[in-house]
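> Generate a structure from the sequence data that follows.
(2 chains)
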Amino acid sequence: MTPATAGERRCLQCGSPRLVRHAELEALPIAHIDCDAFYASVEKRDNPDLRDRPVIVGGGRRGVVSTCCYIARINGVRSAMPMFKALKACPEAVVVKPEMEKYARVGREVRDMMRALTPLVEPLSIDEAFLDLTGTERLHKDTPARVLARFATAVEREIGITVSVGLSYCKFLAKVASDFEKPRGFSVIGRAEALTFLRDQPVTLIWGVGKAFAATLESDGIRTIGQLQQMDENTLMRRYGMMGKRLFRLSRGEDERAVHIDHEAKSVSAETTFNHDYGTAAELLPILRTLSEKVANRLKASDTAGRTVVLKLKDTEFRIRTRNRQLPDRTQLADRIFRVAAPMLDHELDGTKYRLLGVGVSDLASDAMADPMDLVDTGATRRAKAEEAMDAVRAKFGTKALETGYTFGTGSRGKPQRDQEN
Amino acid sequence: MRVTLERANLLKSLNHVHRVVERRNTIPILSNVLLKAEGASLEMKATDLDLEINEATPAVVEQSGATTVAAHLLYDIVRKLPDGTEVMLSTDADGNTMTVVSGRSNFKLQCLPQSDFPELTAGEFTHTFRLDSTVLKELIDRTQFAISTEETRYYLNGIYLHTAEHDDDIVLRAVATDGHRLARCETAAPNGAESMPGIIVPRKTVGEIQKLMDDPDVAVTIELSDSKIRFTIGAIVLTSKLIDGTFPDYQRVIPTGNDKDMMVDRQTFAAAVDRVSTVSSERGRAVKLALSDGQMTLTVNNPDSGSATEELAVGYESDPMEIGFNARYLLDVTNQLSGSDVKFTLADAGSPTLIFDTADEKSLYVLMPMRV
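Residues are numbered from 1 along each chain as shown, chains lettered A, B, ... in the order given. Purely as a prediction, here's the structure:
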């Protein structure tokens, strides 16, 4: 695997120093595409003043770093780092509040461009996806590698952000490759060097090996993938069960998983961390209402409905409490979600202060049978009609055009106004 | 305690009381049945703290006394003893074990003291009335299927029993609903019931009462206190808590302006609904009824598996209309009816529909349509 070393040669056609050479380059079909510092890149695109300054996208006084640009990364800022630590490492950084709707829109634009290359696009998150380009040569009249190179430059030109591409023969190594040369990377791992490449890599590179499992392996004296390559399948399976089988195969660069188009959601949820700790219904209910509406909007947009309502709370000691309740019929209504979650929330208001509140709906299916009319609770039918009318008004005049009394006079995330200053 | 009785008598009574005992209990004494030998009978009592069944059966008492043993265990033992035998139950001197002897079989069971057994105090009964068991059974049979299992609406988890005025008569009414369907059945109010308050009898109690009424000729005595109800059926006494809640104003739910009548043969209709719903998925059991002059077309559409239609001749003369129902709810209702024809009274696709039994004027059903 030889990602181009800059300087010595340039492309004969365009003069670019970005060259990729690989014996199997023309034959590899599976790609992993990852946008570089996605949220930060979008912010820099929209505000050129930020271009040469370190940018951190993240929330509030107590939030964490969602994404930081590469300039900030030079100063040691990492994503998921608490904001105060990040600002200590990089005091000159510009902190931007995340605007998820904008990122979702840009993410969709990128995804649409991917779908123009192949129908087999498996999105992993808002800004990354697997693509299977097998059999598209005749359509594009070109090899996957060239198609992807053109795709990367097209995204830069048309959308204004950069992506990194990893190309290989399987999902595991494609993902590893895309991480290689970030940002603006184009890395290739072929079958020939898979074994030797993996040999010196840490076990954490393997999908499914997190902190805890890595510690287990470490206690067994296993740190590198090379050590796994030396072991036979039976020993690994005896020790680690099904995970052992995965270790055996992935350590040898064998990954049979296909690129799946429909990555069906199992649940839909929304949560928020507050700038101040809250412990009363007066503070938390408006937030719960806003979150319920958010969840309901996503359910309605995807024509799905769920049967189990899940409430999530995190107290000041970072202990998480989740409570759930099953409904007799699936729902996609904010009113229903809120009315089921509110008593569960009320039950947890025992003087504990919370830093996070979330609500979600799981056990999803089509909304065909959702929210049936009720004989007894005629109020529910009336409120469902009211919600339909509210949705119509909001679709026409914006989300803030009409609000319930629960959230009226609070900030965009349902929080009391005093928070908005931060 | 030392008592001898016929296996058949013991089995019959244990069969009645042991069902109340939950299979899994966190409080050990609740797994037990109380046995009390006194005079010429053995009294058995079981409870789940909401419901208590007490039954006495004839026995030869050599030494009176009381103890408690695991209810399901004792029932299983007695069930497996040979038919026609006699059973002797006796506690040892320190009261820690009870011996069950029958023929050559000998069991020693762990006991818990009688004093630990909880008492369901009924309070003072303010109303007493009697109902024929056939009448009570009908009130339950016709309405039980519509009881809700939704815990958040606990006040729907039972049958609402109350008196009402109907055509200048006072009637005793049973009503149950789960929000999708409602069932109402009534009978002439017996003496003593006229001034009774409306009560909600829990689902489990309703089910137990239904099973206890195997003898059709027995009159059931019903007593009410503030928070409890007591049924006395021969030697069996069942005492239950009532659901502490307000049953919704169901009369508001029963439509009065429905103007489209449809008559259909009950069995033909039920069979057709059952047939077309074969293709429906577990999740969506909607069946569409398209009505036009003298004809009904049943349709089920399941995008995953296929579709089904069936045509039926019906008595219908109003404007054509289409309406959807949950197939299971339609079958639940038609299974309760006894007449050869069933009568639907409809308004439109979004409004509750009335269903009547042509052979039974005492019952009425309301079904909420589904969007199809």
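> From here on, just use CA atoms for contacts and neighbour counts.
Will do.
> quick one: what helix or strand has the residue of chain B found nearest chain A in it?
Here the residue of chain B nearest chain A is residue B:179; by C-alpha to the nearest C-alpha that distance is 4.6 Å. According to DSSP states H and E, residue B:179 maps onto no helix or strand at all.
> close enough to count as contact, it and residue A:376?
Yes - when contacts are counted by C-alpha atoms under 8 Å, residue B:179 is listed as touching residue A:376 (5.2 Å).
> wait, is residue A:283 part of a strand?
No - checked against DSSP: H, G, I helix; E, B strand; the rest coil, residue A:283 lies outside a strand; its state is helix.
> Got the domain ranges for chain B?
Domains of chain B are assigned by the TED database as B:2-116, B:127-252, B:254-367.
> Spell out which parts of chain A neighbour chain B.
Selection of chain A residues close to chain B by C-alpha under 8 Å from any C-alpha of the partner chain yields A:327-328, A:368-369, A:372-377.
> how about 10 Å then?
Counting by C-alpha under 10 Å from any C-alpha of the partner chain, chain A comes close to chain B at A:325-329, A:340, A:365-378.
> buried subset of the residues you listed?
Buried members of the residues of chain A next to chain B, counted by 16 or more other C-alpha atoms under 10 Å in any protein chain shown: A:325-328, A:340, A:365-376.
> Restricted to strands, list those residues.
A:325-328, A:365-366 (DSSP state E).
> Go through those and name the one nearest chain B.
residue A:328 (6.5 Å).
> okay but that closest one is in contact with residue B:149, surely?
Yes - counting by C-alpha atoms under 10 Å, residue B:149 is a contact partner of residue A:328 at 8.4 Å.
> Identify the contacts common to the two.
residue B:178 (C-alpha atoms under 10 Å, 6 or more residues apart in numbering or on different chains).
> Give me the buried positions along stretch B:13-26.
Buried-residue list, stretch B:13-26, by 16+ other C-alpha under 10 Å: B:13-21.
> Send over it as CSV, restricted to the C-alpha atoms.
Provided in CSV are the C-alpha atoms of stretch B:13-26 (Å, rounded to 0.1, in the frame of the first residue of the first chain):
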residue,chain,number,x,y,z
SER,B,13,-61.8,-27.4,46.9
LEU,B,14,-58.1,-27.0,46.3
ASN,B,15,-58.7,-26.7,42.6
HIS,B,16,-60.9,-23.7,43.4
VAL,B,17,-58.6,-21.9,45.9
HIS,B,18,-55.1,-22.7,44.5
ARG,B,19,-55.6,-20.7,41.3
VAL,B,20,-55.6,-17.5,43.3
VAL,B,21,-52.0,-18.2,44.4
GLU,B,22,-49.5,-16.6,42.0
ARG,B,23,-46.8,-18.9,40.7
ARG,B,24,-44.0,-16.5,41.7
ASN,B,25,-44.2,-14.7,45.0
THR,B,26,-41.7,-12.5,46.8
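> Measure how far it is from the centre of its chain, please.
17 Å (C-alpha atoms, centre = their mean, to the nearest Å).
> what is the rounded mean pLDDT of that stretch?
For stretch B:13-26, mean pLDDT is 91.
> cool, and stretch B:96-105?
Stretch B:96-105 comes out at a mean pLDDT of 94.
> What of stretch B:200-216?
Here the average pLDDT along stretch B:200-216 is 90.
> what does the stretch 1-150 of chain B have sitting close to chain A?
So far as C-alpha under 10 Å from any C-alpha goes, the stretch 1-150 of chain B lies against chain A at B:148-150.
> related to what we said a few turns ago, shared neighbours of residue B:179 and residue A:376, anything?
Contacts common to residue B:179 and residue A:376, judged by C-alpha under 10 Å, 6+ apart, are B:156, B:253.
> For residue A:175, grab phi and psi.
phi -70, psi -40 (degrees, to the nearest 10).
> Burial check on it, number of neighbours?
Using other C-alpha atoms under 10 Å in any protein chain shown, residue A:175 has 25 other residues around it.
> pretty sure it is touching residue A:186, no?
No - if you go by C-alpha under 10 Å, residue A:175 and residue A:186 don't touch, sitting 11.5 Å apart.
> shared neighbours of those two, which are they?
A:33, A:165-167.
> From the residues you listed, pick the one nearest chain B.
residue A:33 (33.5 Å).
> Now for the nearest residue to the closest one once chain neighbours are set aside: which residues touch it?
In space, and not counting its chain neighbours, residue A:33 is closest to residue A:165: 4.7 Å by C-alpha to C-alpha, 6 or more residues apart in numbering or on different chains. Contacts for residue A:165 were tallied using C-alpha under 10 Å, 6+ apart; they are A:31-35, A:128, A:130, A:145, A:148-149, A:151-152, A:174-175, A:177-188.
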